[in-house]
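Enquirer: give me a model of this one.
(chains A and B)
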Amino acid sequence: SQQGEEDPQALSIQEGENATMNCSYKTSINNLQWYRQNSGRGLVHLILIRSNEREKHSGRLRVTLDTSKKSSSLLITASRAADTASYFCATDGGKLIFGQGTELSVKP
Amino acid sequence: ETGVTQSPTHLIKTRGQQVTLRCSSQSGHNTVSWYQQALGQGPQFIFQYYREEENGRGNFPPRFSGLQFPNYSSELNVNALELDDSALYLCASRGGNEQFFGPGTRLTVL
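Expert: Residues are numbered from 1 along each chain as shown, chains lettered A, B, ... in the order given. Below you'll find the predicted structure:
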């Protein structure tokens, strides 16, 4: 069964806009990770945020974590057409448990 | 490229058959996990192997089994295939907190 829920399920934006994806989860975690998947291929690790961290940045990515609300968000700034992919959050409590994913479409 | 390889890339089987999928983990990684990803869904954890022993299992029946070898490569075996086993099967090797995923094997059961 899936650990969390991601919101929205699908997101369509124009190049240059920001994209925000949200993730909620149910149990306690060691860390939360975000992954990207292009069209049925393998998952690419984007960023990991530990349970004692509140915010983390990596390039155009910004991740926040609120353990009191059991939620996380991924912000992609200045989006590009190449960012078109599915994005998954995964909680790590010893094994990775993934959400359903957000399908992001960035139009040129 | 993550350094994790999987074979075969695609596979077609019929109901009732058995299948073996293979994974070579990234050098030095002694933990391998397998995931099943149905179309339009997130990956679901099948099981994890650490130094040749299974040390975690998701909600999958016993007909899903695995092996890890001394070189840390791994196999996923599925017996008595069902139509719902059609999915992308992903393996991942763990280095610290980060998991590195292979490209997956697309299994179609007819």
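
Enquirer: give me the neighbour count for A:Ser58.
Expert: By other C-beta atoms under 10 Å in any protein chain shown, the residues close to A:Ser58 number 11. Glycine gets a C-beta too; all of them are placed from N, C-alpha and C.

Enquirer: can you check the pLDDT for the residue nearest to it when sequence neighbours are not counted?
Expert: Excluding the flanking residues, the one nearest A:Ser58 by C-beta to C-beta, 6 or more residues apart in numbering or on different chains is A:Ile47, at 4.9 Å. Note for A:Ile47: predicted pLDDT of 95.

Enquirer: could I get the contacting residues of A:Ile47?
Expert: Listed by C-beta atoms under 8 Å, 6 or more residues apart in numbering or on different chains, the contact set of A:Ile47 reads A:33-34, A:56, A:58, A:61, A:63, A:74.

Enquirer: does A:Ser12 touch A:Thr84 like I think?
Expert: No: at 9.5 Å, A:Ser12 does not count as touching A:Thr84 under the criterion of C-beta atoms under 8 Å.

Enquirer: what is the burial count for residue 84?
Expert: By default, I'm working from chain A. 17.

Enquirer: my bad, the chain I had in mind was chain B
Expert: B:Asp84, neighbours per other C-beta under 10 Å, totals 9.

Enquirer: same thing with B:Phe60?
Expert: For B:Phe60, using other C-beta under 10 Å, the count is 15.

Enquirer: try the one 5 residues further on
Expert: B:Ser65: 16 surrounding residues under other C-beta under 10 Å.

Enquirer: could you look up the SS state of B:Asp84?
Expert: Here B:Asp84 is recorded as helix under DSSP: H, G, I helix; E, B strand; the rest coil.

Enquirer: so how far is B:Ser27 from B:Gln99?
Expert: Between B:Gln99 and B:Ser27 the computed distance is 15 Å (C-beta to C-beta, to the nearest Å).

Enquirer: I meant B:Thr20, not that one.
Expert: 23 Å.

Enquirer: who's more crowded, the two?
Expert: B:Thr20 (14 against 10).

Enquirer: mind listing what's buried along the helix or strand hosting that one?
Expert: If you go by DSSP states H and E, B:Thr20 is part of strand B:19-24. Neighbour counts over strand B:19-24 (16 or more other C-beta atoms under 10 Å in any protein chain shown) mark B:19, B:21-24 as buried.

Enquirer: now swap in stretch A:67-85 and tell me
Expert: Neighbour-count burial for stretch A:67-85 [16+ other C-beta under 10 Å]: A:70-74, A:76, A:79, A:83-85.

Enquirer: next one: stretch A:21-36
Expert: A:21-25, A:29, A:31-36.

Enquirer: am I right that A:Ala82 is in a helix?
Expert: Yes: under three-state DSSP, A:Ala82 sits within a helix.

Enquirer: for it, give me its contacts.
Expert: Counting by C-beta under 8 Å, 6+ apart, A:Ala82 makes contact with A:Val106.

Enquirer: kindly recompute the last result at 10 Å.
Expert: A:15, A:38, A:106, A:108 (C-beta atoms under 10 Å, 6 or more residues apart in numbering or on different chains).

Enquirer: one step back: between A:Ser12 and A:Thr84, which contacts overlap?
Expert: A:103-107.
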